[in-house]
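Colleague: Need coordinates for the following:
(2 chains)
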Amino acid sequence: KNQVEQSPQSLIILEGKNCTLQCNYTVSPFSNLRWYKQDTGRGPVSLTIMTFSENTKSNGRYTATLDADTKQSSLHITASQLSDSASYICVVSPSSGGYQKVTFGTGTKLQVIP
Amino acid sequence: DSGVTQTPKHLITATGQRVTLRCSPRSGDLSVYWYQQSLDQGLQFLIQYYNGEERAKGNILERFSAQQFPDLHSELNLSSLELGDSALYFCASSPHPGGASSYEQYFGPGTRLTVT
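Modeller: Now for the predicted structure:
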C-alpha cells in the first residue's frame, strides 16, 4: 500500500529561524510530489510541485528538495515569519492510475512564535 | 483568493438529515475534486469529476454522492448524516483530468459542516 509519512508531526520555532520538514514516501513508480500550506480552517495552497526528474524547487522562502532514490523530500523554510504558522502537507502521485491513487500525508503543524 | 467558491461557509444540521454543498470551479477548469477533513485529521479524497463525468473515486461513503453539472459547478450530497460526518469539506479544481499529471490544483475556502 502506498504511504506518505511526514515528520515531525508538530514543530515550534522562533520567528526568524529556519526549519526543515520531512516527507518519506513509498509510492512507486512515482510521478510528482507536491507541498501544500494550509492555514487553520482554510483551503490548502500549493507551494511547490516537483516531478521525478527534479531535485529542488523554490517558492520565495520555501525550498523543496527531492531524492527519488531514497524516496524522501524535504521542505525548508528560511527566515520564518509568524504567517508561516500552518500545516504543511506532502502529496505524492504515482505515475499510473487515476487520482484515487494519489496519497496524502497527514501534515506537519508548524507554529512560529515571536 | 483561489477563484474556487464554495457555499455555504457553515452548515449546522441534525443527525439523519441531508445537506447539499456547492462548488464553483475556477473559470475554465474542467476537474472538480471533493475532500473531507475531520478535526485535526488529514485530507481525505472523496471523488473527482471531469467535464461532467465521474473520473476517480476515493473513500466516499455510500451515503454521499456528487455530480457535476453542464456549467461545471458541482454539488456534494450528504444524507443520513451522522455525528462523525462533522468536518470541513473542500472542493478543488484544476484544468486537467488529474492522475499523474503535474497540474496545479486550487482549493476553495471550504464548508464547515456540524452535525448535532
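Colleague: Could you check which residue of chain B lies nearest chain A?
Modeller: Proximity of chain B to chain A (Cβ to the nearest Cβ) peaks at residue B:107, 3.2 Å away. For glycine as for every other residue, the C-beta is placed from the backbone atoms N, C-alpha and C.
Colleague: Mind jotting down where the strands sit in chain B?
Modeller: For chain B, the strands defined by DSSP state E occupy B:5-7, B:10-13, B:19-24, B:31-37, B:44-50, B:53-57, B:64-68, B:74-78, B:87-94, B:106-107, B:111-115.
Colleague: do chain A as well
Modeller: Taking DSSP E as the criterion, chain A carries its strands at A:4-7, A:10-14, A:19-25, A:30-38, A:45-51, A:56-59, A:62-67, A:72-77, A:86-94, A:103-104, A:108-113.
Colleague: Same list (those strands) but as JSON lines, adding distance to chain B and mean neighbour count.
Modeller: Below are the strands of chain A laid out as JSON lines (distance: least, Cβ to the nearest Cβ, whole Å; neighbours: other Cβ atoms under 10 Å in any protein chain shown):
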{"stretch": "strand A:4-7", "distance to chain B": "9", "mean neighbour count": "17"}
{"stretch": "strand A:10-14", "distance to chain B": "10", "mean neighbour count": "13"}
{"stretch": "strand A:19-25", "distance to chain B": "13", "mean neighbour count": "19"}
{"stretch": "strand A:30-38", "distance to chain B": "4", "mean neighbour count": "22"}
{"stretch": "strand A:45-51", "distance to chain B": "5", "mean neighbour count": "18"}
{"stretch": "strand A:56-59", "distance to chain B": "11", "mean neighbour count": "14"}
{"stretch": "strand A:62-67", "distance to chain B": "12", "mean neighbour count": "18"}
{"stretch": "strand A:72-77", "distance to chain B": "14", "mean neighbour count": "20"}
{"stretch": "strand A:86-94", "distance to chain B": "6", "mean neighbour count": "23"}
{"stretch": "strand A:103-104", "distance to chain B": "5", "mean neighbour count": "18"}
{"stretch": "strand A:108-113", "distance to chain B": "9", "mean neighbour count": "17"}
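Colleague: how about those in TSV, adding mean pLDDT?
Modeller: Rendered in TSV, the data for the strands of chain A read as follows (pLDDT from 0 to 100):
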stretch	mean pLDDT
strand A:4-7	95
strand A:10-14	97
strand A:19-25	97
strand A:30-38	92
strand A:45-51	93
strand A:56-59	96
strand A:62-67	96
strand A:72-77	98
strand A:86-94	93
strand A:103-104	90
strand A:108-113	97
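Colleague: List the beta-bridge partners for the residue minimising distance to the centre of chain B.
Modeller: Centroid-nearest residue in chain B: residue B:34, 2.8 Å away (criterion: Cα atoms, centre = their mean). Taking DSSP bridges, one obtains residue B:47, residue B:91 as the residues bridged to residue B:34.
Colleague: In chain A, which residue sits nearest chain B?
Modeller: Among residues of chain A, the one nearest chain B by Cβ to the nearest Cβ turns out to be residue A:43. It sits 3.2 Å away.
Colleague: I'd assumed residue B:105 was in contact with that residue.
Modeller: No. Here residue A:43 does not reach residue B:105: they are 10.2 Å apart, not a contact under Cβ atoms under 8 Å.
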